[in-house]
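Just need the structure, nothing else, for what follows:
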Amino acid sequence: MAEPVTVERRGHVQVITISRPEARNALDGAAARAMAAAADELDGDDELRVGVLTGAGGTFCAGMDLKAWMRGDKPMIPGRGFGGITITPPRKPLIAAVEGYALAGGFELMLACDLVVAGESSKFGVPEVKRALVAGGGAALLLPRRIPFAAAMELLLTGEQITAARAAELGLVNRLVPDGTALDGALALAGLIAANGPLAVAVTKQIARAQADWTVAEGWQRQEELYKPVFESADAREGAAAFAEKRAPVWRGV
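Predicted coordinates:
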């Protein structure tokens, strides 16, 4: 039986591919567990600096495999959410490379990512209400924080799909690319991130993700607690030295 999720390395970038094209890459329990393991590998390997999440066969992810769900096979990991990443995304940056459809749980996987590169014909939506379900994998909770409230409510309450161009207008998509090139576009973006100091990138993501839960006064204190060790790191000294010596830095992650 084919693996439901494949993982490969391209330099400092990890590529996670949902490989269930016969089900439009909808997740069952095995796929969710494999995705959680891939996320753990991304965060646990110092050589990996950025992850890219994509789907095989021209579709990102159609959400939860409803046939598997009806058998009691659920794609949620306790404490970690849908696909093992919606509640606890990786500490390192994760980029969604979207072709085809990012629907329901697939849309929520995209929300768990930090950046999105999408093919021009891709479609986005949270159709759970059409099936008398609730978008409990993150869309109902997080989408109103990401885009204007009225736009979020329209998506959530109608269950209708939107185009990639509309998703970009709303700020959900960073880069629109020709169909079939989303992975290449995501890898190019990942390369720009991977060239930066890995400690600084991880802590920057941590602050940006956490700031919504802090007051302004609390935020200044909390971010200083997080970034101070980065300023004192060997990588920070290497960054300054490389700039002064007009050479590429060699990051050690310490």
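
what about the residue nearest to A241 when sequence neighbours are not counted, is that helix, strand or coil?
Closest residue to A241 apart from its sequence neighbours, by Cβ to Cβ, 6 or more residues apart in numbering: P249 at 7.9 Å. The way it works is simple: take the backbone N, C-alpha and C, and place the C-beta from them, glycine included. Recorded secondary structure, P249: coil (DSSP: H, G, I helix; E, B strand; the rest coil).

So P249 sits against A242, correct?
Yes: contact status for P249 versus A242: in contact at 3.8 Å, counting by Cβ atoms under 8 Å.

picking that back up, which phi and psi does the residue nearest to A241 have?
The phi/psi pair for P249 (degrees, to the nearest 10) reads phi -70, psi 150.

Number of residues surrounding it?
Neighbourhood size, P249 [other Cβ atoms under 10 Å]: 16.

Need the pLDDT of it.
Per-residue pLDDT puts P249 at 94.

ok, now which ones touch it?
By Cβ atoms under 8 Å, 6 or more residues apart in numbering, the contact set of P249 is G197, D235, E238, G239, A241, A242.

Can you redo those residues as a markdown table, where the extra columns are pLDDT, secondary structure and distance to M153?
Shown next, in a markdown table, are those (pLDDT from 0 to 100; DSSP: H, G, I helix; E, B strand; the rest coil; distance: Cβ to Cβ, whole Å):
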| residue | pLDDT | secondary structure | distance to M153 |
| --- | --- | --- | --- |
| G197 | 95 | coil | 39 |
| D235 | 94 | helix | 43 |
| E238 | 94 | helix | 47 |
| G239 | 94 | helix | 44 |
| A241 | 95 | helix | 51 |
| A242 | 94 | helix | 48 |
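
Mind giving me the ChimeraX select for those, buried ones only?
Remark: buried members of those, expressed as a ChimeraX selection using 16 or more other Cβ atoms under 10 Å:
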select :197,235,238,239
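
For the contacts of P249, which two are the farthest from each other?
Of all pairs drawn from the contacts of P249, the greatest distance, 12.4 Å, lies between G197 and A241 (Cβ to Cβ).

Is L155 in contact with P127, as I believe?
No: the criterion here is Cβ under 8 Å, and L155 misses it with P127 at 9.5 Å.

between the two, who's got more neighbours?
L155 (25 against 19).

give me every residue that touches the more buried one.
Contacts of L155 (Cβ under 8 Å, 6+ apart): G125, V126, A139, L143, I162.

What strand or helix carries A30?
helix 29-44 (DSSP states H and E).

picking up where we left off before, from A165, how far off is the residue nearest to A241?
Separation of P249 from A165 (Cβ to Cβ, to the nearest Å) stands at 37 Å.

likewise G219?
G219 sits 34 Å away from A165, going by Cβ to Cβ.

So this structure: which segments form each domain?
The record's domain parsing of the chain by automatic domain parsing lists 5-194, 198-244.

I'd like the mean pLDDT over the first one, please.
When the per-residue pLDDT values of domain 5-194 are averaged, the result is 96.

what comes up buried for stretch 215-227?
R222, Q223, Y227.

these two touch, right, the last one and I207?
Read it as Y227. Yes: in this structure, Y227 is within contact of I207 by Cβ under 8 Å, at 7.2 Å.

Could you check how far the helix holding A30 is from the centre of its chain?
13 Å (Cα atoms, centre = their mean, to the nearest Å).

Many thanks, I have nothing further to ask.
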